[in-house]
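> need a 3D model of the following:
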Amino acid sequence: MPTAIAARRVLLPHGWGHDLRVSVHQGVITAIEPCDTTATAVDVLAPGFVDLQVNGVDDVDVASARGADWDRLDALLLAQGVTTWFPTLVTMPLGAYAAPLARIAAAIDRPAAETPRPRIAGAHLEGPFLGAAHGAHRDELVRPVDLAWLGELPQHVRMVTLGAEQPEAAAATRLLVERGVLVSLGHTKATDAQLTQAATAGASMVTHLFNAMTGLHHREPGVAAWTLAHSTMATSIIADGVHVHPRMIDLAFRLLGPQRAILVTDAVAWRSGRVGPIGMELRDGAPRLPDGTLAGSALTMDRAIVNCIAAGVDAELTLRAASTTPARLAGLTDRGAIEVGRRADLVALDERFAVQQVWVAGRATQRA
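Numbers count the residues shown, from 1 in each chain. Have a look, this model is predicted:
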């Protein structure tokens, strides 16, 4: 049945609209019109959030998820406003990827359910072809690029993070981009020349800015400075207040602007104590290895948004970083914006930007 959502503020492609009614039919936005908002109107209506990097949530690890685990992931993601996501697999032996990728494919192909679920847009491989900044990834499993292996990846692999200093980084990037895969540079200590070569080959993003890369220095600028200064390179940020200081979050957003800043959670199944082959525990606000190395986050997308706004980032810019920009980078042209003809993936927020309700292709979830 047609749906109409009245909102006091609506995030439109050109900026904020006020006192509007968004009409939805057959999963698509059909009209956006002025209306007299009432007590039943939502405070803020934004595009559904798109998370490009989810290793797990709470107690469910993507690498081992089976059966009902995917239903639990659906519910946990919807509760934070995520309507599209990329299950992410960390570095493991090449032969170990087939089984979890098959389970992700099966999750994508599940028959329609009575209740809405977020769409899995594809798998994200964070490794095993990383650069010199391994972070929590096991050193012995990081390996040189294998072009033949990449060429045989299943079609639902839609994003790959690799190190720009890999000898075959440019060739791997070209191969993947030709297959429609989003290539992101990460876990890297690459030089400016190596980063630029990968970008020229088609890499369009950098994974979790400031983390697992060389940072800012006045004589050796590093990967972070190259990323911030490279006008066409988008980058993701983990805004949990642990991975990146709030002041640096604000600085990064000021430099990146609405076209390049992306929020990701990099969430892991922190209650389970594992992310793929990596053991970890929650300590001092984040999952960590025994030596204190960060191993993903316990962040949710709605909390990331609140944290960014508290750090001084403009609310419009923050919400675009959680929806419009990642959708565009991932080639999801049917969503990520509230405009006529787009898929009706929407999230209602209160005045403090807490999630109140979510619609997936026009189908409403229960109010939070």
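> now stretch 160-175: mean pLDDT?
If you average the pLDDT over stretch 160-175, you get 98.
> and that stretch, how far from the chain's centre?
Stretch 160-175 has its average C-alpha position 20 Å from the chain's average C-alpha position, going by CA atoms, centre = their mean, to the nearest Å.
> now it: buried residues?
160-166, 169-170, 172-175 (16 or more other CB atoms under 10 Å). Any C-beta I mention is one placed from the backbone N, CA and C, and that applies to glycine too.
> would JSON lines of these with distance to residue 138 and secondary structure be doable?
Formatted as JSON lines, the buried residues of stretch 160-175 follow (distance: CB to CB, whole Å; DSSP: H, G, I helix; E, B strand; the rest coil):
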{"residue": "160", "distance to residue 138": "18", "secondary structure": "strand"}
{"residue": "161", "distance to residue 138": "15", "secondary structure": "strand"}
{"residue": "162", "distance to residue 138": "16", "secondary structure": "strand"}
{"residue": "163", "distance to residue 138": "15", "secondary structure": "coil"}
{"residue": "164", "distance to residue 138": "21", "secondary structure": "coil"}
{"residue": "165", "distance to residue 138": "19", "secondary structure": "coil"}
{"residue": "166", "distance to residue 138": "17", "secondary structure": "coil"}
{"residue": "169", "distance to residue 138": "21", "secondary structure": "helix"}
{"residue": "170", "distance to residue 138": "26", "secondary structure": "helix"}
{"residue": "172", "distance to residue 138": "21", "secondary structure": "helix"}
{"residue": "173", "distance to residue 138": "24", "secondary structure": "helix"}
{"residue": "174", "distance to residue 138": "28", "secondary structure": "helix"}
{"residue": "175", "distance to residue 138": "25", "secondary structure": "helix"}
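> list the contacts for residue 142?
Residues in contact with residue 142 (CB atoms under 8 Å, 6 or more residues apart in numbering) are 91, 127-130, 134.
> could you pull out the helices in the stretch 51-200 of the chain for me?
Ranges of helices in the stretch 51-200 of the chain, per DSSP state H, counting those that start in this stretch, are 68-79, 98-108, 147-151, 169-178, 192-201.
> tell me how far the longest one is from the chain's mean position?
Computed by CA atoms, centre = their mean, the separation of helix 68-79 from the middle of its chain amounts to 16 Å.
> how about residue 46, secondary structure?
Secondary structure assignment for residue 46 (DSSP: H, G, I helix; E, B strand; the rest coil): strand.
> mind listing what it touches?
11, 81, 319, 322-323, 338, 346-347, 349.
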